[in-house]
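1. below is the sequence, then the predicted model.
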Amino acid sequence: MPSSYFQPNFRTLDLNLLRVFDEVMAERSLTRAARNLSLTQPAVSNALRRLREALGDELVRRGGTGVEPTVRALALWPSVRDALRSLQASLAPGNFEPASAATTFVLAMADATAATLVPGLVQLAESDAPGVSLRVVPLTTRDPRALLEAAAADLAVGYFPAALADMTAREQAGEAVSFSHQRLYGGEYVCVMRRKHPLASGRLTMDRYCNARHLLVSFSGRPWGFIDEALAALDRQRRVVLTVNQFFTAGRVVAHSNLLSVMPRHFVRATGMAQELVLRKLPFDAPAVHVEALWHRRTQHSSAHQWLRQQLQEVVEPALQGLRPAAGGPAASAAA
């Protein structure tokens, strides 16, 4: 009988087999799954055999470096994984008590993002969770999934367009995705220059923009970014003469040179140089910036991590209020 028509008997299904299945899917290796479960490899193989018989599907096949899941296994895994995590949280919730907790959270984010959000997080921690510590590590990539997978960070905050697009595509293809995300706020990219820059007055045309000298903020250090991709699509290019990995550095350099840079509007005041800078609308369409919180799903039901994500949401609006240009200020008056 084809597996698509196979009707398993849930009453007789050994739920322990699902734990083995979850670990094999996560590791793509019987050896590593056995090690993580403190089982022998033959025991894992036997559990998979029993689950195959119960579900009427091969589930995994041996591949070059481990095992490869079937289409049915890929479709089944997200539900199994989420159910197991929910069950684990219900049976051993380990309720997080902020007032008495001594947890350390590791956050990966860019310098300007940290300047925007961390002060509010610290204030909340001081009042509600005095024993909690925060450690901020630099974000050196637009795709922090490897960092989260390795548990080198509990949460990544930033603009991750390629990573989110890949996650969406995988979900639509029925593949399991090990990460969750939540949008914190949105904004727009603007061209930034010093107040007395030759281009600070008059219309910023495409030719004037492309003929200028530019500073690029690149977390990874690569000498091109999404602005260059947008220009290439229009058969145009700009000259990047300096690449840095921090918005603070960019703000200071631009304020004291004739270089142009592009950054999110809400980051300008976070550089500490807003009074020295002028913001201009880009002379071409650029994607909106969406700041997201991204985390591994193994922490989805952790009460400690749920508390952290809730605190992060609470500080967003007050932080953005503090970063909006004052009416009539230099950045505001030239931003149109």
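-> Received it, and whenever you're ready, just let me know what you need.

2. quick one: low-confidence parts of the chain?
-> Scanning the chain for pLDDT under 70 picks out 1-7, 89-94, 322-336.

3. domains in it, by residue range?
-> 3-91, 104-186+290-323, 189-286 (automatic domain parsing).

4. chain center to the longest one: distance?
-> What that stands for is domain 104-186+290-323. Distance of domain 104-186+290-323 from its chain centroid, counting by CA atoms, centre = their mean, to the nearest Å, is 6 Å.

5. mean neighbour count and distance to residue 98 added to the domains of the chain, as JSON lines?
-> In this view, the C-beta of every residue, glycine as well, is placed from N, C-alpha and C. Listed next are the domains of the chain as JSON lines, based on neighbours: other CB atoms under 10 Å; distance: least, CB to CB, whole Å:
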{"stretch": "domain 3-91", "mean neighbour count": "15", "distance to residue 98": "18"}
{"stretch": "domain 104-186+290-323", "mean neighbour count": "17", "distance to residue 98": "4"}
{"stretch": "domain 189-286", "mean neighbour count": "17", "distance to residue 98": "27"}
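
6. make JSON lines out of these and add distance to residue 97.
-> As requested, the domains of the chain are exported to JSON lines (distance: least, CB to CB, whole Å):
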{"stretch": "domain 3-91", "distance to residue 97": "16"}
{"stretch": "domain 104-186+290-323", "distance to residue 97": "9"}
{"stretch": "domain 189-286", "distance to residue 97": "33"}
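
7. what sits closest to residue 282 if chain neighbours are left out?
-> Leaving aside its sequence neighbours, residue 282 sits nearest to residue 191 (CB to CB, 6 or more residues apart in numbering; 5.4 Å).

8. ok, what's across the strand from the one you found?
-> residue 262, residue 280 (DSSP bridges).

9. show me what contacts it?
-> 204, 209, 260-262, 279-282 (CB atoms under 8 Å, 6 or more residues apart in numbering).

10. from the rest of the structure, what touches the host helix or strand of residue 82?
-> Assigned by DSSP states H and E, residue 82 belongs to helix 71-91. Contact with helix 71-91 is made by 3, 18-19, 21-22, 25-26, 55, 57, 59-60, 69, 174-177, 297-298, 300-303, as judged by CB under 8 Å, 6+ apart.

11. any idea how far that helix is from the chain center?
-> 22 Å.

12. ok, the helix or strand just after that helix: who's next to it in the sheet?
-> Where DSSP H and E defines the elements, the next helix or strand beyond helix 71-91 is strand 104-109. Paired strands of strand 104-109, with direction, are strand 133-138 (parallel), strand 155-158 (parallel) (DSSP bridges).

13. how far does stretch 54-68 stretch from start to finish?
-> Stretch 54-68 has an end-to-end distance of 19 Å (CA to CA, to the nearest Å).

14. contacts for stretch 278-290?
-> Here stretch 278-290 has contacts from 159, 161, 183, 185-195, 197, 199-200, 204-206, 208-209, 226-227, 230-231, 234, 236, 262, 264-265, 268, 330-331, 334-336, using CB under 8 Å, 6+ apart.

15. what about these, which are in strands?
-> Judged by DSSP state E, the subset of the contacts of stretch 278-290 located in strands is 183, 185-187, 189-194, 262, 264.

16. on that earlier part again, okay if I get the contacts of residue 191 as CSV plus distance to residue 122?
-> Below are the contacts of residue 191 laid out as CSV (distance: CB to CB, whole Å):
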residue, distance to residue 122
204, 38
209, 39
260, 34
261, 28
262, 29
279, 28
280, 34
281, 34
282, 34
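
17. now flag whichever of the residues you listed is closest to residue 50.
-> residue 262 (56.9 Å; CB to CB).

18. that closest one: what's it in contact with?
-> By CB under 8 Å, 6+ apart, the neighbours of residue 262 are 189-192, 217, 227, 282, 286.

19. over to residue 300?
-> Taking CB under 8 Å, 6+ apart, one finds 82, 85, 180 in contact with residue 300.

20. any idea how far the residue nearest to residue 95 when sequence neighbours are not counted is from residue 96?
-> Of all residues not flanking residue 95 in the chain, residue 303 sits nearest, at 5.3 Å (CB to CB, 6+ apart). Distance of residue 303 to residue 96, given as CB to CB, to the nearest Å: 4 Å.
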